[in-house]
Structure formats: C-alpha cells, structure tokens
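**Q** requesting a structural model of the entry that follows:
(chains A, B, C and D)
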There are 4 protein chains.
Amino acid sequence: MKIKVGILGATGSVGQKFIQLLENHPWFEISEVAASERSAGKMYRDAVNWFMQTPIPEKVAVKKVKECVPTLDCQIVFSGLDASVAGEIETAFAHAGYAVISNSRNHRFDPDVPLLIPEINADHLKLIREQKYGQGFIITNPNCSTIGMSLPLKPIHDRFGIEAVHVVTMQALSGAGYPGVSSLDILDNVVPYIGSEESKMQTEPLKILGKLEHGQITAADIKFSAQCNRVAVIDGHLEALSIKLKTQTNVEEIKQCWANFKGEPQELELPMAPKKPVVYFEEENLPQPKLQRNLDKGMAVSVGRLQPCPVLDFKFIALSHNTVRGAAGAAILNAELIYKKGLLN
Amino acid sequence: MKIKVGILGATGSVGQKFIQLLENHPWFEISEVAASERSAGKMYRDAVNWFMQTPIPEKVAVKKVKECVPTLDCQIVFSGLDASVAGEIETAFAHAGYAVISNSRNHRFDPDVPLLIPEINADHLKLIREQKYGQGFIITNPNCSTIGMSLPLKPIHDRFGIEAVHVVTMQALSGAGYPGVSSLDILDNVVPYIGSEESKMQTEPLKILGKLEHGQITAADIKFSAQCNRVAVIDGHLEALSIKLKTQTNVEEIKQCWANFKGEPQELELPMAPKKPVVYFEEENLPQPKLQRNLDKGMAVSVGRLQPCPVLDFKFIALSHNTVRGAAGAAILNAELIYKKGLLN
Amino acid sequence: MKIKVGILGATGSVGQKFIQLLENHPWFEISEVAASERSAGKMYRDAVNWFMQTPIPEKVAVKKVKECVPTLDCQIVFSGLDASVAGEIETAFAHAGYAVISNSRNHRFDPDVPLLIPEINADHLKLIREQKYGQGFIITNPNCSTIGMSLPLKPIHDRFGIEAVHVVTMQALSGAGYPGVSSLDILDNVVPYIGSEESKMQTEPLKILGKLEHGQITAADIKFSAQCNRVAVIDGHLEALSIKLKTQTNVEEIKQCWANFKGEPQELELPMAPKKPVVYFEEENLPQPKLQRNLDKGMAVSVGRLQPCPVLDFKFIALSHNTVRGAAGAAILNAELIYKKGLLN
Amino acid sequence: MKIKVGILGATGSVGQKFIQLLENHPWFEISEVAASERSAGKMYRDAVNWFMQTPIPEKVAVKKVKECVPTLDCQIVFSGLDASVAGEIETAFAHAGYAVISNSRNHRFDPDVPLLIPEINADHLKLIREQKYGQGFIITNPNCSTIGMSLPLKPIHDRFGIEAVHVVTMQALSGAGYPGVSSLDILDNVVPYIGSEESKMQTEPLKILGKLEHGQITAADIKFSAQCNRVAVIDGHLEALSIKLKTQTNVEEIKQCWANFKGEPQELELPMAPKKPVVYFEEENLPQPKLQRNLDKGMAVSVGRLQPCPVLDFKFIALSHNTVRGAAGAAILNAELIYKKGLLN
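**A** The predicted structure is shown next:
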C-alpha cells in the first residue's frame, strides 16, 4: 500500500515535473491532481499543456482535476503553486491536517517552517513542532539557484568556515515556468536580470546554514553577493562561485570535503537521494548543463574548475538541475525524509 | 587620396570583420587582401567562406588574394592572423617599414609594444620610439574580453583607485573564430571554459592601466580574478563585474564617472570612435547582447545594474561587441589614432 | 514638409518595426503613436517594451501615446493592430477620412480592399474607388509568408503559367509577435504548426495574383498546398517551394525571369523599394535567414537552389524578412505607392 | 553468455551512441572498441571526447582502443565508421568472417547487400546468401532521413500504392557528426542544404521498398523529390511529406494503416523494437522533435497532421530520432534480427 499524495498546481511546469518524477515511486502514488478553477473538472490530459519529454503517465492522464481545496484524498500534498496563491492554500491544507511539501517561496521565511535541504539541515525538521497547524505541517525547499549553491558550500563551511560567497549565475529557462521567457528575449541573447533572484540567493542560505537552538534558527554569519543571469539553456543552472574562508586550505582538501560529503538521505538510502550529493569533475571544461544536469537522476550537484581566486580565496563552478534537484526532486526528497523519519501521521 | 591598407588573414573571421567595417572608411581604403598559401592566387570571393551579414564589398570581392609577405602595396597592415603564425609575419612587416596594427596576442607583452585602448592609454604610443623596426612599428589591441572590461574600469580607477576586480564572463561564439565552437557543444548549453582566456583577463589590464615612465611600463597594482564562460550568443560579450575600491564612494558618483568619461578618440573625433565610450542603462534588465551590442557602431561599452556588492564594494554588468570594439573595430581605432597624431610615415 | 503619419498598435512588435523603419523616411514623419487604453497617456518610451536592435528614435520616444480613435493629427495611419481589434478600428479611421495602410488580416478579403504587393498587383489599387468610406480608404498587405512566396512566383506565372504550388515553410519567431513563442517551446525544437497560416497561404495568393475586371477581382486558378513550421530563427521566413507549370521550360529561363523582374516600385524608385524584388543566389547552400534576410534593406526576396523536381516540375528555396518585406516594410511600400500615384487626398 | 560485439569508429558520434544504447543489452556485450590509429592504444575514456548525456559505461571506459583490423575478439562488428574509410574496412571484416552491421553508406547499393529496415524488408536478408564473403557478411541500414520517412510510407504503399512522394526535411545537428555544424552557421539560422542528402532520400527508398526475386532486388516504382534543411535541433529529424496514391482513400483509413502496422521486430519481440513502429498524434501541433524524439526508446516514428493535400493527395509530418531509429538503434535492431533468425554463425 503506497502513501497517497496530491499535486497542487498540477498543470504548471513544477506540477508536471512532480508527476513525471513520481511515476514509479516506490513509496508514493499520485491519488489527486489539483489546479486552478479553470482546469478543475477536466480530465488531466485535457487540462494540461504537457511539455515534459516523456509521455503523461497513463494513470494520471485520465484523472479528473480537482480544485485546490483541502478535501483531497491523500496524506501529502506537493505544492507547485504560483507564489501569488500558494501562501493561503498551503496554510489551509496544513490546518486541515495534510503534510504540505512546498516548492513555493511564501512560507520559506516563516520562523517555524524548515527551509530544508536534507543533506544540509535535516535537524531543522524539529521546527515542525513549533508549528500551530495541529496534525498538519508545512515544509519548504529553497529556491533552485540556492540549492545548487548550498550543497557544495556546506562541507567547506563545516570544515573551514566560509566568510563570504560571490556568485554569478547562468540560469536555465525552465526556472521561469511556462510560458516564461519569450523566445525573442533569449535566442542569441543573455538577460542579466531575474526578478528577486539575487535577493533570494543572498538571504536563503543564511537560514539553511543557520543553527537551530531552543526552537528557533540563528542565521549563519556569511556574506553573499549574487548576480543572476538567464541564458538559452532548457534545464540546468550553472553558477560561478568564489569564496573567502576563515581557515587556510588548498584545492586538494576542498575536493576531499566534497568526496566525503553525505547526509541523512544517503544514510537512509532515500529513493530520490543521489549516491553522492556533490560530484567533482577533473576535466577542465566540465561541468556543463547539457552533459551533467541529469547526473544521478538529476539529484547530484556537479562541481569543477576549482582553483585559487586572486581576489577571494577559491573559485569553482557548480551545476544543478533546477527543476529536479532545485524544485520537484528537492520536494520529493523532503517528503521521503519525513516519511522515513516517521514524521508523517 | 585615401591611405592604402592591407588585411592579413583576410579570409578569417577577424579579417572579414575588418573588410566589413572598412567598407566606407573616410581615410583608409583596402588595397590588398592577404591570407594563407592555400587562398593566395584566388579571387577573394572564391577564397572566402563569407559569413558576415552584409554582402562582400564589391571592390574587395574581386581582389586577388596575396600571400602574407611584406611586398604588399599599402602603408598599414591590419593583422587578423591566427596566433600560430602572427608573431613572425608581423615582425617581418614591421621590419619592412609597415605600420602593423595587430589584433593577435603574440606581441602584446613585448615591452616596447603598446597594448592600446585609445581612450585609456593613448600616451603608451610613445613606446613605439623604443621599437627597433626602423620606419615600421607594431601596435596591438588587447583581447576582446579585456577591452570590454577595461573601458568601464578606467574612469573609476582614475578617480577612486581600484584594488581588486572579480569578473565572470558570458562570451559570444564569434570570439572563437570560424568554425570555432561546434553547435553540438553549445545549443542548450554553456561551456564554463575558454582556453587561456582567464589568464589574459588577469594580466592584460595590468599593462593597459600601467604607467609609462622612462620608456617602460610599470604594471598597475590591481588584483584580477576571472571566470570565463561561452554562451549561445553570436556577438557580444557580457561580463558580471565586482570591484573593491581604495576610496569610499557611491553608485551615483560612479555613474557620473562613466557619464563624463572620454579620451583622445572623442577629442580628435576619430571616425570609428563612439561618442561616449561607456554608456549606462538605468533599466533593470539591460544591457543585453542582442539589444545593445551594436550601440554606436558597436564601439560603445554598455553598462548597467550598478549596485553595492555585499562582498566587495560595487557590482555591475558590462557588454561590448567582441568582434567590433573587442577586435577589428579596436584595431581600426588604433590606426585612426596613429594617423591623426601624425605617427604614420 | 513631410506627410504626417500615425502608428496604430505602436507598442506591439509590428508597431515598433514601423517606427524603426520610418526613422529617417524622406516623405513620411511620425506625428502620432496610438495604442491600447492601457498605454494611452504615457510617454512612448515608458509605455513600450522596446526590443528592436536599434534605440527608439528620440522624437518618438518622448511622444505621448494616444488611444486608437480617429482624432489623430495625421493623413495616413499604419495599422499594426492585433486582429482581435483591428477590424473595427480601421473601419472607423477610413470613415473619418484617413488613408489606412493595414498589416492586419481583418479586411484582406473585403471585395473592395486591395491585397497589395506593389510589384505584383499595383493595378488592384483601382479597387479603392469601390470603397464607401468617402475620402478615406483601406489598403492591406498580405500575410508575411504569402508575400515571400508570391514575389518569386509572379514572373514565373506571367511567363509560363503556374498550375500548382507546394510549399513548406520554416518561419521565424518574430512572426508570432511578442511575447509570442515561449522559449521552452522552440529551443532545440521545431513546431510543425502555426494557427491558420496554412489556410492564409492557400487563399491569399489567389486574390493577389487574380485579375481586376469591372471593379472586382477574379481569383487566380492555381492550387496551393502549404505546411507551416516554426523554427528557432529570430527573423526571416525560409520556404521550400515546388511548382507545376503549364508550359515547359528550364532552370535557366526561370532564373532569367527573376533577373528581369521589376514592378512599379522599381520604376517609380520608391524609397522602400528594393533595386530588384527577387535576387537569385548560385551558391548551393544559400539563401539563409541569417545571411540574406537584410538584403537591400530587408525588402528583397532571396531565392536559390532552383532545380528540377521529380514530382512536380521545379523546386527552389525562397527567403524573405518577415517583419520588413513581410509586414511593416510592405505596408510602408504600399503607402509610398499611393502617395507617388497621387491617391492621397 | 552474451554475444561479443565490437564497435568500429567507437570514438565518433555514432560509435558513442552504439556504446550508450548497448549499455544494458540483454543479448550483446561490447568486447572491443576500435578506432583510428590516433586513438588506438589509449584507454577509451582518454581517447574519446564523450558528449552523450549519460556517463560512459564503466566497463567500456577502461577498455583499450584497438585499431580497425579484423583481429577483434567478437562475432559482430557495428560500424559507425566515416564513409571515407568504411568501405574497405567493412569488406575486410566480412572476409574475415565477422557479421558486419554497418551504418555507413559505402555498401548500401551493393546488389547483394540488404539495405535493411526490419519492419519493412526483413525478407531482403536472404540477399546475404549471394554475398561472397564466406562466413562473414555485410548488412546496412539506410540514411537517417530515409528511415524516418520509409516507415510511415510502407503500410500506405502496401495498401494503396504510392505513386509519388514529396518531402521537405528539417534535420537535426547530430546528423552531421561531431564537430559537424559550426554554431555560427546555425544559431538564429536554417541551412537549406545538406550534401548528398537529397539524392540519398530519392534513391534509397527505391531499394528498400523494392522486391527481392531470384536473388536480386527490383526497385520500387515511386517518384521521390526531397529538399533537405538543417535546423537548430540537437536530435530528431522532422519531415513534411506529401504523397500521391494510386488508389482513393481517406484520412481515417491511412491512420488505420499506421495503427495496424507491425513487422518482424514486433512479432519476434526484439529488445530494441518499438511496440508500434509508427505512432499517430492527434494534437494539431505534434509531433515535435523535443517532445517525441525519445518515444519508445527513440525507436518509434511519430506522425501527425495528416490532411488532404490540394496538390498531391495527402500530407503529414513525420519525426524520428536520427541517431537512434536513424542510425545506431537501427543497426542494433538489424543485429537483433539476424541473431533471432539464426543467421549468426
């Protein structure tokens, strides 16, 4: 008997990715798909403009789309809702006793909501106890560009202490949803601006890397500076990072950190977990979005080109699949963690 | 009577750009096109795989391609030669009395060769006196990505003193020449590596911004760190810059620096000179390669998104046309400067 | 004293192209820009999301946007309105005495409205006399893909008689307006469908190539079959054509037809007219959108690869700039023709 | 015990695809990788510029690359060799007793070599008996664009008789090998020419659809006309087809033909065989390369947009994965067929 899960915002781009990734999940099965009023009542295949590169799973294709109200037949809801509506709907579902696993930004900075990357801050799950939703609760994952950066930073921070991070991103089109970026804006072009993305990258890691004490999180003391760019890539965010450390070290020791890095998802052997959260490539021209974005089901972050930085201390390149490791896959991993740890009612 | 000029490497991508840009030049006219042995003897239109977006100028199309030996009927040679052969050929032309205006990297660090950006270091032209070529001489322009960065840095450095520069580039395909980057390597992709580009960006500005005293240049004392990426853009290098200054200032003062910035090309009203070398855009999503690369004949550098940097002091975006301001147009501007200053024999 | 012209739909993609192309027009000057209620009242530069590759002409940038009601201070209105509103607005302007030069599809098949390509059917202008708008009148240009095909077909039809035309298009993104095609739909993709485009290509040429007799047009007797595809090209529609003729001929005679082809725009030396409406390229891999779309200000149609067709009689490739020759440039040429022929009140 | 197979041209693009597709093959295992002298002697991972989107299979990565001489330890060789060398090498291997399964064009028109698409002409395998290679033999698959067209044509031809086929292709970049098409030639562009492709599409189907009688093939009596274009798509050839039939029919009957179509690969349940060789999509904008190229392991041909053609009889769109169904996958299916039919020594 699998756990029943529902998808909120099932016709959107994150919703489609949830459905694609959950197709043969060993623990979860999609019992409900919910979307806006406009779609509700239709068969899913008729309501959706499906643009995943694999066909709609047959069982989901014929489901009737429901409205996003907390009367769905499931224990967990995965929310891929647009931020304009996600806040209230997710709150309603939590109050009604559902486990809400959200990819939206609305509740990320609620003081009692974990901003979870299981390899980094699984202990933040204890925050749920502070929530006032009764049986239900809300867990969020960070923004896609934050996740791809935070995973390789975590083991370095633990061992050497990070003082400052400078990051310039080259982000994929799928991060903007659908229809998202006009083709006329991006073919033969780069757009050096993504609304509110720089601010997310400068604030979210402080909570993620923060310490939970006495029921609240103290933000990490690291300076972040981000410049975010949109490039003509379908999937896969590439980030050029430079870091300043509190302790002296060298390239080999940092590579060692990454090689040894693992967290609860690896120890618990969660289905969605990559074998290694961070994989280093020695080739001088890797990682590349097209070549490494699908590494280990799209859940591993690829890093490369680690070298001393003449201005800060070290610089390197990180790549992650923005809609898998950075969105739907991240949320599924979060759900697997709470299930495995017995936090599901 | 126009000055006769020859193009070395006339069938290559930089050579083609020289020919396109010189089509209606008020002072110069192309009297000779020279290329490798393989092309020599053919009519230019038959020797070239022309891929500029305007037709081959009729007068050049029917010229016979010569070999790159210093018996050409012209005073100036523009060199778009590949670095594998440029060094010796340019030396030979200088010895034979030609004014060699080179876009190649070979002589850039010769202590007696100016690495010239006329708005920045026109005074370095005096170095020519130190050259031992008799009547001839060699002048080089920097690498494309260096030029696009150095122009906006210059007035800031003059006024506030720059201590460190961190730059991440998103560079266009035309920078790799033709055939250059395989379509399979760049469609739906970014390549986070361009051979020797990071090193050029970290060393060339030190000479350009250096001081000429007693016949030699003292390198500027600034730390540069570069990470170079190739993106799916035809023309136009975009650079994300962060800088650390020696003096406190603010966003408005820096914009003022750019607004007031001009150099000898503007004062002498050189034909290829942009009215303003650096143009600031207030729009939050500009400059973009597709929209601003051709600004003022492709010779102006566009900047935007200036804001405080939480890690260094300020950050901004710079865009320049890599084959115009960064290559052929740069060389033509150099030639105009030496002509106007009476340095041509 | 230039003729005052107004742009209807001035903030849209066709509207922007009108403004760009009219910047230095010898006869016309833009006195009014009009758009939807949402934009009306704003300064043009604030109302528009300008995405042309040259800056907004300064005089237009500071104009106040008006609503699309027939109280504009101008003689001619160029309509780049969306088809959802164009019909009624254009009718209102005609009734109010304006010369309406429309790029929209609404009035194309009105029996008294010329569907004009000046090189082909300038005589259809006489239809205006049949219109019941008083001093005003409406002239339309065909759909972009129709224009690019009709010009090379015209001289062949005149000389040899065309029985059937089979065309497969590869159309540019700008044809869909802005934001138009989502980048996620077209990067690394082709979309083999453009709503109602095939039908336009199969019906419009019959009116264009038809005969005007006794105040009405008899459709040409040619069979057209079109398959329309959207490709990842910014500007320039490429069309693969095969034709069946009523008379035997050969490749050389057809090339001769194109070489000799000219119409009233060439004879009257209209400013927007290309020197030759159709230009043949002998190179085996030309024409290409990126290389030939701007030929002769974007107003010439490039053809190539003419060869016998084993199924019909001959096949070839045609390329035209869809927003210049196929839209805004076409309308301007129409306006020039009526002005030069004294049809403007 | 799996059958040992070798890959000729293992470092090229087709060779890489063979290795990727054979990774977990139930019958075959790669025992040898062979390539040019330049690569021979190196470990495969060091010799190859791997650009598949999944990692190199570990077992192959550490194999030593051999030269392409018939001393390889295997029964079957898959040849992805360049046509400039494939002819002689394949002959040598056949003489030495190997089963040569070639993707190269060299032997396609040898009168005793089957040009095999197992769903269409499995009976042509009997031709092998006419070969004079002793135990060895050569089997070829057609050109990628031919395969994608021939599969949907076959059941129509069988039932209604095809008189003429007009096809315009929009072909993917991977069809040109690596490095293949320069990014500067294809970004924001279409190239309306692929060397010798039109000729292949006009001749190969005649042999494939021909009849084998008395040890030789009589070519089919159908007229083909092809116009071939290269578009900015990584994988997946899209073809716009129009056909003239000998018998009257309608859209529904043709769809029925496709729905019922199957061949020996389906009956024998070959591992690489798609469940249905041709799949019809009712959506008005499908099939698309990005969405359907991987259908059924990339081995099914997707068709759509079937409608009457005003010039011929019917028109439709076909899509196939050019390096899977059109190359490496096609060859593997051929090998599976000969193995299952007991033709392997």
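**Q** quick one, helices of chain A?
**A** A:13-21, A:44-47, A:58-61, A:83-95, A:118-121, A:144-160, A:183-186, A:197-208, A:251-260, A:264-267, A:289-292, A:295-298, A:329-340 (DSSP state H).
**Q** in the fourth one, what's buried?
**A** By neighbour count with 16 or more other C-beta atoms under 10 Å in any protein chain shown, helix A:83-95 contains the buried residues A:85, A:86, A:87, A:89, A:90, A:91, A:92, A:93, A:94. C-beta: built from backbone N, CA, C; applies to glycine.
**Q** so what's the backbone phi/psi at whichever residue of chain A sits closest to chain D?
**A** Nearest residue of chain A to chain D, counting by C-beta to the nearest C-beta: residue A:188, 4.9 Å away. Main-chain torsions, residue A:188, degrees, to the nearest 10: phi 60, psi 40.
**Q** hmm, it is touching residue D:186, no?
**A** No - with contact defined as C-beta atoms under 8 Å, residue A:188 does not count as touching residue D:186 (11.5 Å).
**Q** I figured residue A:316 hits residue A:305, correct?
**A** Yes - if you go by C-beta under 8 Å, residue A:316 and residue A:305 touch, sitting 5.6 Å apart.
**Q** just give me the neighbour total for the residue of chain A closest to chain D.
**A** 24 (other C-beta atoms under 10 Å in any protein chain shown).
**Q** quick one: name the residues of the stretch 101-250 of chain A near chain D.
**A** Taking C-beta under 8 Å from any C-beta of the partner chain, the part of the stretch 101-250 of chain A that reaches chain D is made up of A:187, A:188.
**Q** now do the strands in the stretch 101-250 of chain A.
**A** Along the stretch 101-250 of chain A, the segments classed as strands by DSSP state E, counting those that start in this stretch run A:137-140, A:162-171, A:211-213, A:216-218, A:223-230, A:237-245.
**Q** tell me which strands the fourth one pairs with, and in which orientation.
**A** If I follow you right, that is strand A:216-218. strand A:211-213 (antiparallel) (DSSP bridges).
**Q** before we move on, what about the second one?
**A** Within its sheet, strand A:162-171 is paired with strand A:223-230 (parallel), strand A:237-245 (antiparallel), according to DSSP bridges.
**Q** now those as a markdown table including mean pLDDT?
**A** Output for those, formatted as a markdown table (pLDDT from 0 to 100):
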| stretch | mean pLDDT |
| --- | --- |
| strand A:223-230 | 98 |
| strand A:237-245 | 98 |
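**Q** mind putting these into a markdown table with mean neighbour count?
**A** A markdown table is the format used below for those (neighbours: other C-beta atoms under 10 Å in any protein chain shown):
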| stretch | mean neighbour count |
| --- | --- |
| strand A:223-230 | 24 |
| strand A:237-245 | 25 |
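**Q** right, and the ones you listed - which one's nearest residue A:211?
**A** Closest approach to residue A:211 among the strands paired with strand A:162-171 is made by strand A:223-230 (17.3 Å; C-beta to C-beta).
**Q** CA atoms of the closest one as CSV?
**A** In CSV, the C-alpha atoms belonging to strand A:223-230 read as follows (Å, rounded to 0.1, in the frame of the first residue of the first chain):
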residue,chain,number,x,y,z
LYS,A,223,28.2,37.5,3.3
PHE,A,224,26.6,36.6,0.0
SER,A,225,26.7,38.6,-3.2
ALA,A,226,24.8,37.3,-6.2
GLN,A,227,24.4,38.4,-9.9
CYS,A,228,21.8,36.4,-11.7
ASN,A,229,21.6,35.9,-15.5
ARG,A,230,19.2,34.0,-17.7
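**Q** now that strand and helix A:144-160, what's the angle there?
**A** Angle of strand A:223-230 versus helix A:144-160, following axes from the mean of the first three to the mean of the last three C-alpha atoms, to 10 degrees, is 150 degrees.
**Q** list the contacts for the closest residue to residue A:80 other than its chain neighbours?
**A** Closest residue in space to residue A:80, ignoring its immediate chain neighbours: residue A:14 at 3.1 Å, by C-beta to C-beta, 6 or more residues apart in numbering or on different chains. By C-beta atoms under 8 Å, 6 or more residues apart in numbering or on different chains, the contact list for residue A:14 reads A:80, A:103, A:177, A:323, A:327, A:328.
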